[in-house]
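Trainee: model this:
(2 chains)
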Amino acid sequence: MMKSAASTSAPGRSYPLAGSRVRISFTFSRHVVPYLYLTPALLAIIMFVYLPLARTLYLSFHQGNLLNPTRSFVGLDNYTQLLNSPVFHRILLQSAHYMIFSLIGSVLIPISLALLTLHLTDKELDFYQSALFLPTVIAFNVVVLIWAFFFLATPNGLFNRLIALLDQPPQSWLRDPSFALPSIALIANWKIMGFHFLLAVAGLKAIPKEILEAAYVDGAHGWTLMRRIVLPLFAPTGLFLVTVTLIGSLDAVFTPIRVLTEGGPNNATNNLMYAIYSEGFRFFRVGQASAMSVLLILLFGSAIYMQYRLLDRWVTYER
Amino acid sequence: MSVESPRTRWFSRVVLNFAVLLVLLPLIYMVGNSLKPAGRTFENVFLPFTSTITFENYRNVLETVPMFRYLWNSVLFSFGVAIGQLCLAVPAAFAFSYYEFPLKKTLLAAVVLSLMVPFVVTYVPNYLFLARYRLLNTTPGLVLPMLGISLGFGIFLLRQHFMSFPKEILEAAMIDGAGSWQILARVVTPANVSAVSALFIYILINTWNQFIWPLLIGGGRQEAYTLTVGVQMYFINPEAGNRWGAIMAASVLAAFPTVIIYLFMRKGVLRTFTEGAIKG
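Mentor: This is a model prediction of the structure:
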């Protein structure tokens, strides 16, 4: 659209309104105006996203204290230390644990629930969406406190009373290395589940009704209809949810970890994102925190890139 | 589709109702425990409510914690980010939608990529920046970086809406002699008012619910606490001890504003979050 508009005027000189036959009359303005509109926003993004990123890269080659401006150049030391540290390996492994829990709680369960809504009226669907979405709009650290109450280590905590009914001894859930990580993951997925249910339903609604009805008339029922028609058409939404979940899973557990365990006991609930925070703001080791940030960005960057490549191919095959 | 058997439909309803119950139970316990008389929290821990309902926990919290100060800080923080977002994102989305200019693709890519950067990565450098300019524990210190981080989302979302706006109307306005600023302020923005206000609500709720960032930047001085930070500080305050009723009352008070917005604008919020996630 733009090309046809530009070709009628002197090429390379003017930048008219895209797809428009009318030009802004003042030559100066058509070059400068878009930048005037953009500058404030771009400045804010550069100041608080891109410069900090550059600074993170710079700091990752240095050693320093958060509260003290003197720093010394240490080359790749922060990286080699991290890659050789058993604690860091553990943190990476646990990040993967969190992701697996999220794939169940924030992908598998919401998609399954969404598939159940195929038979419901719009009114019912609206009720389920609204109710399940409620935790999304409440500040996370505030609702985490009720979970702190459920997970109380004392015998009269709610979960301990619950397992007492099965004659089990009370557990100190969040201080027990084998229970702490799943407990944190449970809280995070409780919060996210309804939001992803909403997204899954939106993806399902985007499947044209005619296709479903035609398939039904052709004799595809129940499980066959689901497997042959619904799930293939739903696949792009599913892949989208998987990516969003994998990228968001560490972010989702951040607040419960901060409020309830601070990464403990003995790093049992720590992960790559929380470790960046605690290195920086509990141990003030700026260099280590920055090196971890760089590794996190490389990891996520390649994951996002791969998803786009995959989605691109998938969608072109479909249409 | 009402093509499935009634049995399948009933199965769906049972499973979905169970899910709703599991999701809402913690919230019910939160409200219930805040209404239990002090000292009776554990009387029957399975029951969310006791036979007597009391507001003493709320009175207690409001008397000992400056909740209204925190509330005001949360208002400044979230409205600051949301209004700032509109002031910067609307013009930027306008430029990206209707103008051609050198570097457009590069700049747009930079805007979209800024969304992919995890917030946690920017904590340390932004903290150092704010510390150097003595902006820790101030409202601008809270607002500005948060604004920069969330802007990419608003620009991208609004651009999608602006792009689908009919060009003929813009041309007509230009023929009538409207300058680009007038087109932005009088034509494009009013025509997209639902998208703009949806973005506003989305940013408002998201910012209101922020916890780690205001804890880092505003956690150093009680006068700068937002509601979320204030509740956390009350929770870890040894004087609050095991007074779960009071802690739950503080939680309910902090959750109240966004829940009210949600209940009144449910359809809009649901649509915004769906659109935001899929387009963002």
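
Trainee: the strands in chain A, which residues?
Mentor: Listed in chain order, the strands of chain A (DSSP state E) span A:62-65, A:68-73.

Trainee: of those strands, which is nearest chain B?
Mentor: The stretch from the strands of chain A with the least distance to chain B (C-beta to the nearest C-beta) is strand A:68-73; that distance is 8.2 Å. Any C-beta I mention is one placed from the backbone N, CA and C, and that applies to glycine too.

Trainee: domain parsing for chain B?
Mentor: Using automatic domain parsing, the domains assigned to chain B come out as B:6-54, B:63-279.

Trainee: tabulate those domains (CSV), appending distance to residue A:82.
Mentor: Output for the domains of chain B, formatted as CSV (distance: least, C-beta to C-beta, whole Å):
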stretch, distance to residue A:82
domain B:6-54, 37
domain B:63-279, 15
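
Trainee: out of these, which is closest to chain A?
Mentor: Within those, the stretch nearest chain A is domain B:63-279; the backing value is 2.8 Å (C-beta to the nearest C-beta).

Trainee: thinking again about what came up before, hey, which of the domains of chain B is tucked in deepest?
Mentor: domain B:63-279 (a mean of 19; mean count of other C-beta atoms under 10 Å in any protein chain shown).

Trainee: centre of the chain to that one, how far?
Mentor: Its chain's C-alpha centre and that of domain B:63-279 lie 7 Å apart, by C-alpha atoms, centre = their mean, to the nearest Å.

Trainee: give the contact list for whichever residue of chain A sits closest to chain B.
Mentor: As assessed by C-beta to the nearest C-beta, chain B sits closest to residue A:48 within chain A, at 2.8 Å. Taking C-beta atoms under 8 Å, 6 or more residues apart in numbering or on different chains as the criterion, residue A:48 is in contact with B:122, B:126, B:144, B:145, B:147, B:148, B:149.

Trainee: touching, the fifth one and residue B:89? I think so.
Mentor: Spelled out, that is residue B:147. No - using C-beta atoms under 8 Å as the test, residue B:147 is too far from residue B:89 to be in contact (9.5 Å).

Trainee: any idea of the pLDDT on residue B:233?
Mentor: pLDDT, residue B:233: 89.

Trainee: surely it and residue B:225 touch.
Mentor: Yes - if you go by C-beta under 8 Å, residue B:233 and residue B:225 touch, sitting 6.4 Å apart.

Trainee: and residue A:40, how many neighbours?
Mentor: Counted with other C-beta atoms under 10 Å in any protein chain shown, residues neighbouring residue A:40 total 16.

Trainee: dump the residue contacts of it.
Mentor: By C-beta under 8 Å, 6+ apart, the neighbours of residue A:40 are B:87, B:88, B:91, B:92.

Trainee: ok, for the residue of chain A closest to chain B, nearest residue in space, not its chain neighbours?
Mentor: residue B:148 (2.8 Å; C-beta to C-beta, 6 or more residues apart in numbering or on different chains).

Trainee: name the element the one you found belongs to?
Mentor: Secondary structure from DSSP states H and E places residue B:148 in helix B:139-163.

Trainee: residues of stretch A:176-192 that come out buried?
Mentor: A:179-181, A:183-192 (16 or more other C-beta atoms under 10 Å in any protein chain shown).

Trainee: next step: those residues restricted to helices.
Mentor: Using DSSP state H, the members of the buried residues of stretch A:176-192 that fall in helices are A:179-181, A:183-192.

Trainee: that older thread, can I get the strands of chain A in TSV including mean pLDDT, mean neighbour count and distance to chain B?
Mentor: As requested, the strands of chain A are exported to TSV (pLDDT from 0 to 100; neighbours: other C-beta atoms under 10 Å in any protein chain shown; distance: least, C-beta to the nearest C-beta, whole Å):
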stretch	mean pLDDT	mean neighbour count	distance to chain B
strand A:62-65	89	16	10
strand A:68-73	83	10	8
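
Trainee: what bits of the chain have low per-residue confidence?
Mentor: Defaulting to chain A. Across chain A, residues meeting the criterion (pLDDT under 70) sit at A:1-30, A:314-319.

Trainee: oops, chain B please
Mentor: Along chain B, segments meeting pLDDT under 70 span B:1-5, B:238-242, B:278-280.

Trainee: in it, which helix is the longest?
Mentor: Scanning chain B for the helix with the most residues, using DSSP H, yields helix B:67-98.

Trainee: next SSE downstream of it?
Mentor: Later in the chain than helix B:67-98, the nearest helix or strand by DSSP H and E is helix B:104-113.

Trainee: identify all contacting residues around stretch B:254-264.
Mentor: Contacting residues not belonging to stretch B:254-264 are listed as A:134, A:137-139, A:142-143, B:30, B:71, B:74, B:201, B:204-205, B:208-209, B:227-228, B:230-231, B:269 [C-beta under 8 Å, 6+ apart].

Trainee: make it 10 Å
Mentor: With C-beta atoms under 10 Å, 6 or more residues apart in numbering or on different chains as the test, stretch B:254-264 has contacts from A:130, A:133-139, A:141-143, A:145, B:27, B:30-31, B:67, B:70-71, B:74-75, B:78, B:201, B:204-206, B:208-209, B:226-232, B:234, B:252, B:268-270.

Trainee: and what of stretch A:154-172?
Mentor: A:146-153, A:173, A:178-180, A:183, A:265, B:29, B:41-46, B:242.

Trainee: now do the end-to-end distance for that stretch.
Mentor: Stretch A:154-172 has its terminal residues 7 Å apart, counting by C-alpha to C-alpha, to the nearest Å.

Trainee: starting at the chain centroid, how far to it?
Mentor: Between the centre of stretch A:154-172 and the centre of its chain there are 33 Å (C-alpha atoms, centre = their mean).

Trainee: cool, and stretch A:160-178?
Mentor: Relative to where its chain is centred, stretch A:160-178 has its mean C-alpha point 31 Å off (C-alpha atoms, centre = their mean).

Trainee: to residue A:206, which of the domains of chain B lies closest?
Mentor: For those, proximity to residue A:206 was assessed by C-beta to C-beta; domain B:63-279 is nearest, at 9.3 Å.

Trainee: next, the angle from the lengthiest helix in chain A to strand A:68-73.
Mentor: Longest helix of chain A, by residue count under DSSP H: helix A:286-318. Helix A:286-318 runs at 70 degrees relative to strand A:68-73, counting by axes from the mean of the first three to the mean of the last three C-alpha atoms, to 10 degrees.

Trainee: for helix A:286-318, packing partners?
Mentor: Applying 3 or more C-beta pairs under 10 Å, 6 or more residues apart in numbering or on different chains; DSSP states H and E, one finds that helix A:286-318 contacts helix A:51-59, strand A:62-65, strand A:68-73, helix A:77-84, helix A:86-103, helix A:231-252, helix A:272-281, helix B:119-132.
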